[in-house]
Every structure is written in structure tokens, then in C-alpha cells.
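A.B. asks: model this:
(3 chains)
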Amino acid sequence: MQVAKVIVDVPTSQTNHTFDYLIPEPLENIVIKGMRVSVPFGPRKVMGFVVEVSDHSEFDKLKPLDEVMDLTPVLTDELLQLGKWMSEQTVSFYIQNFQAMLPQILKAKYKKEIEALTDVELPEGLQQLFAGRTIMDFEEFIERNGNYALLLEEIKNGHVQINYIVKSKETKKTKVFIGPNKEQYLLEEAIEDMSNRAKKQKKIMEWFIQQPEPVEQQLLLTKLQTTSSTINQLVDKKLLKKIDKKVYRDPFQNTEFERTTSLPLNSQQQAAIKPIWDAIDSKKDEVFLLHGVTGSGKTEVYLQAIERVLVKGEEAIVLVPEIALTPQMVQRFKGRFGSEVAVLHSALSPGEKFDEWTKIHKKEVKVVVGARSAIFAPFENIGIIIIDEEHETSYKQDEQPRYHAREVAKKRGSYHNCPIVLGSATPMLESYARAKKGVYRLLEMPDRMNEGEMPPVEIIDMRDELYAGNRTMFSRNLLDAIKSRIERKEQVVLFLNRRGHSTFVMCRECGDVMKCPACDIALTYHKSSHQLKCHYCDYQIPMVKECQVCKSKTIRYFGTGTQKVEEALREHIPEAKVIRMDVDTTRRKGSHKSLLDKFGNGEANILLGTQMIAKGLDFERVTLVGVLAVDTMLHLPDFRSSEKTFQLLTQVSGRAGRHKLPGEVIIQTYTPEHYSIQLASQYQYQQFFQQEMETRKGFHYPPYYFLTLINVSHPNQLKAQEVTKTICKLLFKHLSAQATVLGPTPSPIVRINNRYRYQCMVKYKDEPNQREVMRRILKHYHDDIYRHDLTIQVDFEPYSLM
DNA sequence: AGCACGCCGACT
DNA sequence: GTCGGCGTGCTC
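C.D. replies: Coordinates of the predicted model:
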């Protein structure tokens, strides 16, 4: 008897354990751990992960499992263990962690088909099922009691494969190619016979006489200015034929990657890479913090570390923040490692993600470059894990399971005995503190390559501008600087951390501010659509003509968003061509890249944008970076706001003067004396680190203390408050006397989407049993959570306190 | 989650 | 006396 222990896809605390199922005889030795199966669960069928196969069960009335969903495991032993560990660390359910490791497609409902790949005669049992076809439904295989062992064998031999068909169109894997169906001379004869009116048809035929190779239909249509109906007529006449070609969706297929080879390392790079190479060679799971200023050549260090790993036949994972934002980064990896690289990032369609994942799963690639979830790449022989821009907040998932990719990386590193490299120009305070303590090994690269200097930074006190009678959002210096760049045909990057047009609209008469009815937040005016939008829920209404309260028509716009800046630029510098990049202009797939390409081609003088333009851009002609208002970020209710400001300023400054032309940075602020602005303008990371550590120490914040944040929300304000209060009490009672429990406190935004939000914060040095306490609290509120619309979010070492 | 079971009030 | 409201508990 074989028994599968299964974690079912029912994310509740009551079902957060394995359920035993009998493996029916035809599936014996087919079902192995790491596979997904379909099992009867009460009256219905659910998906589940086999986490163990055993020869007995404590349970006596076992049901047999229904069906296997994979013929090869989708999770390795290591990933199964990792999922268990993660669920303990983040106090989440096992199933959520397993799901988080797989591409979306494998979570959704889908259909499977079996495809014969060769003309080779398949074994008896299989051949007859196909009955002359090349593709059959998997359903049919099950219905006709197909032989799993045989199928599995043939998959291994590469004679057949399983295709996952998802309902969405995005996952179409075939492209239609058109090719000639007859010999050249027959085509020529056919043209002669055609009516004189069939101009388009002749044109198409001539194309194929010129070159008989099949071409993509899409290409043919655009090149010859015709439509598919014309082509279809020729296909009907048997002159041409349609060919469905299977193609991997390659998101970079239209990009040529110039192959590069190792660049010679300068002395500081050599000093940094040596210990990493040693760790690779000796299989040591050491964590390195590579602190290198922008332009110090960190990427080349990564590349050559990976080369060392590949030579040993091992694999590498590279995490980059939101990779779509750095096409240039992808280019460098693809350029060096070519087809050995898979790329995983959030801008890919589900189908594309699945294809990239499949390449990893089938071991067709050795290197993965991707965003946070790429840390789960199903490699079995990892030689190095690199996390670039280590301080980026996107490495922490802001929904369950709230894992941090860095911690997962360390765990995987210790399993594979491989080094971890954390790279950053502005490491997170916690990381740098660890490096100083010797927990991580610190590697410093303080100098830019080619003796380049960081661009000088000018801080402009906007209060002075106001005294001088300048009421615009541009200081005189900035405006002059922009104008001079345009004259010199150089480019400008302008940064403002706020999208929309105005941050709020207010009635001048009675002072009423337009607010979202569902959230406790002012509405933002979007000029292009003439709408008032809430940035926290999807509420939006047309802009009001008069005050809702006093009917006055004197409604004014306050606060500045990217749209307003764009408008003001047009007014002050009409000759400037501006590209605006924010969530609103990059929502469409691929728009991100196309906007950047446009800017790179010099189709605009100014790139204006939010957060998203701060990272990784590298354009030769950018010689001026302007930060319009840094204050909004500095005064957020978050203990990390100084650090985030410092990081951001350092990052945007790095965008200027990266090549031959000298750069300049202008920062506009109302608090020029603030230490993060001052120190960022002088590129003084060390001093900033020391000063910020002082502040953190004083307020008992990380890295001196750990934090745990509990967010409670409920439609009823009293309920939310009362639950939070009880949780605070429980924590106070069950945690050690050294822990500080703060709360209940209303969240910075008390109401979002008609839910009231309260929080409780725990500061502690060492609380080994806090996860158990949290789990018990969640269990205690189980009923309220599942039946009464209560949510309790527990976030260990949170990145955001909102 | 989704469903059966079971205990109390309104009703042909 | 029954029908069905929802609170409670279980799913191998």
C-alpha cells in the first residue's frame, strides 16, 4: 500500500496539515512527492501537493486520490522543506508558500494535452491511444485507462510531452507561418493564370518566388500591406500553406543581444571578487555585502562570479528589483550568458512566465535573472545567489506569505552550501550593521570606474524662492539648468514622487477637501481624464464644478503631481519635449520599455516620472537630474523615511553624467538642513549610517530592536479597535518582559475601502516563541476571520508601517 | 472554502 | 406539529 500525504489547497488554519490518501494501483510509483494531485476533499475535489509518500497511515478509512496533475514533480525536496520553513517563519499556511513558489499558470485551472513529438513508433499501449493523431487530451488518457508508467517513460525519452493549456489567449504557444506549397516554377505558372484584378495575391506569390522560406504571417501582412483573407484564398488554392510553429514565448525575441566577454577587473573589483570566488570554490554558505557606489562596476563582479559557478556546472540565481525597470540589466546578462539565461519578471504574461519557469525546471538554463519570486527557481545545484539593490523594498512580499527574498536566499544558500551576495550602493541599515558586526562579510567598492566622479549636487531651499517671489514649482536655478541642457541637446531627468495632477482639491470658500467616501484620504485630481481618483481604492468621479458643501465655484488645486509638472513644463519651456512615466502612463504591457526607448533615442529632452525612473536607467546624454520635492517622502510617518530619502536621492543622483558628459543634480526642498538630504548630496553613506543608527538606537527601532507589526481591519470601527486591544493584551501577557507592545493605534490611514484599520507594534530583541503566540491568536480569531470579515495581518520585520 | 448537521423561532 | 434560519464543526 502506498499513501500520499497531501497539503490541500484550502488555506485555513483547520486544514493546515497533511491529509492521507491511498495511491491507487495504476499510480503506484508514479505519484512522488512534489507533485500536484487532485483529491476528494469532503464532497468536492481540490488540488493538493504531495509532500510525502509513505507505506502506511494512522488513518483507517482512506480515500484514493483522483488524479495526478503533474508527471514530474513541480517542487523539489528542498523547496518542500523550504515551504514548510517559510510557513513557520511567516505564520502562514503551507499551501500559500507552495503556491508562491510556482508560476501563476500552475495555480489556475487548466487543461492538459499529450503531444507526440517524433515520428518514431511509440510503444503499443500509447501508440493506439493516439490513433494516428499527434495530440490527445489528457482527460482521454485517463478515461481510457492509459498506462502512466509507459507515458512517463516516453516523456523521459523525449518522445512525448505534456502541454498545459490555459483558457486565456495569452498562453497561445503557436505562431502561424506561411510558406509555399508548391515548387517555384508551379508558383510562377499560377501567377500567369491569375486574374488581373488579383493584385495583392500576385504580390504575395512574388514574395515567395523571391524567397521560398516560410515567414511569420504577421510579418507578411505588414510588409505587403495585405490581410489574412487574401492569404487564405491562396491557401485554399493550395498554392501556399499555413504552418503552426511552436515557439517559446521569448519576451526578448525582438532584441538582439550582443555577446560580450569578461571585462578586465580593476583592483577594487578584484579585491571584492576574490573572497566570493573562494566561497564558491570551497562551497561555503557565506553572506557577502557588496557595498559599491553607483558606477563602481558591481554588475561585472556578479557576472564573473557567475562564470566561476557555471564552470563548475552549477547554477546561479540573480534577483533584481522589478526587472522590467532595468532592461539594460537584462541585456548584460543575456549578452554574457546568452541562451543559458531565463528571465522572470512581473511584466511577463502568465504564459511567458510559465515558459521561462519551464526552461529552469527542465534544466535548459543555468542562470535565472528575476524579481522576488525568482528566488524559488527549481534548481538543484545552486552555486551562488546574488541580490542586487539589496535594500529595495520590493524584496519583501506585501501579501501572504510575507517573506523576504533575502532570508529565503540565505536559507537556500545554507542548503546548497553556496555564497550569497547582497549588492547595493546604499545598503539597508540592518544589513550594513550586520556586516559591521561580522555576520556578513563586507566588501567595499568606494570608487567609480574610470576615475569618474559622482555629479555635484546642489540643494535649493524653496523657501528662498518663495521670498524672492517665485511661486512656481521650479526654482530659478533648475529652470535655467533645464533650458541650458535643451540648448546643448542634452537630456534631463526630473523626479517627483507623486502621480496625478493635484494631491488634493479644496474649496477656497469653506475649506472643504474632496475625500474618498470609502477611504480616509483626499482624492487626487487627474487632469487628463478630468477625474478625481482615490489612490487606495478604485473610486473615481468626474471633477466637480462646485463645492459639495457650500456650492461655491472657487475650487482650487493644491499639491503637485507629475501631470501638473508636465503642464507647467509646457508653459515655462514650450520647446521641451517631455515624456511622463508613472503608473498611469505605464499600465499597458510594454509601454514601460517603449517610453524608455523613446527617451533613449533622443525623442524627448525631459523624462519626468515617479519612483520608477529612479532605478537602473543609464542614458548617455542625461546630464541633469532634478528632484522637485523631496519633502513629501521625508515626512512620511515611517521610521525608515530618512533612510528611504537618502537611498532615493543617492539613486537618482546616479542617473546623471554616467558617461563622458559631466552631470549635475539639483534637489529642491523646504528642509535643506535635514541630515539625509545633506549627507546624500555629499555621498556620505558612512556618516549617514552612523547618524541614522543613533536615531534608531534612541527610538528602539531596527537594527537595535526587531519589529513585528499587526494590522487589524474590519468594517466596524469599534470591532477593529476592540480586537486590536485584545491582541495587545494577549501579546503583553504571553511575550517576555523585555518586549514592548505598542497599541492599539489607528493606522496612518484609518480607513481604506470602508474598512477601519488599527495596529499593534511589538519591539523586541529576542522572542523565540512569538510566532507560536501569533499563531494561537490567529486561531483564536479564526471564526471572526472566516465568517465575520475580520482581517489580521501579522508582518515580521515590516518594510511599511502603512 | 464549502457543506452537512443540528438547534431554535415562525408558520401552513 | 414542520420548515428553514444560521451557528458549529469537519474534510484523509
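
A.B. asks: hang on, isn't residue A:626 packed against residue A:482?
C.D. replies: Yes: between residue A:626 and residue A:482 a contact is recorded at 7.1 Å, counting by Cβ atoms under 8 Å. All C-beta spots, glycine's among them, are computed from the backbone N, C-alpha and C.

A.B. asks: neighbour count: the two, which is higher?
C.D. replies: In this view residue A:626 and residue A:482 are compared by other Cβ atoms under 10 Å, and residue A:626 has more residues nearby, 28 against 22.

A.B. asks: which stretch of helix or strand covers that one?
C.D. replies: In this structure, residue A:626 sits in strand A:622-627 according to DSSP states H and E.

A.B. asks: list the residues that contact both of residue A:626 and residue A:482?
C.D. replies: Residues touching both residue A:626 and residue A:482 (Cβ atoms under 8 Å, 6 or more residues apart in numbering): A:492, A:494.

A.B. asks: who's in contact with the spatially closest residue to residue A:600 that is not a sequence neighbour?
C.D. replies: Of all residues not flanking residue A:600 in the chain, residue A:619 sits nearest, at 5.7 Å (Cβ to Cβ, 6 or more residues apart in numbering). Residue A:619 is in contact with A:491, A:599, A:600, A:655, A:658, counting by Cβ under 8 Å, 6+ apart.

A.B. asks: can I have the buried ones of those residues as a PyMOL selection?
C.D. replies: PyMOL command restricting the contacts of residue A:619 to the buried ones, with burial defined by 16 or more other Cβ atoms under 10 Å:
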select buried, chain A and resi 491+599+600+655+658
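
A.B. asks: one step back: A helix includes the residue nearest to residue A:600, no?
C.D. replies: No: counting by DSSP: H, G, I helix; E, B strand; the rest coil, residue A:619 falls outside a helix, being coil.

A.B. asks: distance of the residue in the stretch 151-300 of chain A that DNA strand C sits nearest to from residue A:122?
C.D. replies: Distance from DNA strand C to each residue of the stretch 151-300 of chain A (Cβ to the nearest atom of the strand) is smallest for residue A:152, at 24.3 Å. Between residue A:152 and residue A:122 the computed distance is 13 Å (Cβ to Cβ, to the nearest Å).

A.B. asks: what residues sit buried inside stretch A:96-107?
C.D. replies: Buried-residue list, stretch A:96-107, by 16+ other Cβ under 10 Å: A:96, A:97, A:98, A:99, A:100, A:101, A:102, A:103, A:104, A:105, A:106.

A.B. asks: looking at the stretch 551-700 of chain A, which residue is nearest DNA strand C?
C.D. replies: Nearest residue of the stretch 551-700 of chain A to DNA strand C: residue A:637, at 37.4 Å (Cβ to the nearest atom of the strand).

A.B. asks: what secondary structure does that residue sit in?
C.D. replies: What three-state DSSP gives for residue A:637 is coil.

A.B. asks: same thing with residue A:498?
C.D. replies: Residue A:498 ends up coil, using three-state DSSP.

A.B. asks: then residue A:380?
C.D. replies: Strictly by three-state DSSP, residue A:380 counts as coil.

A.B. asks: and the nearest residue to it once chain neighbours are set aside, what are its phi and psi?
C.D. replies: Nearest non-adjacent residue to residue A:380, counting by Cβ to Cβ, 6+ apart: residue A:76, 5.9 Å away. For residue A:76, the backbone dihedrals (degrees, to the nearest 10) come out as phi -80, psi 170.
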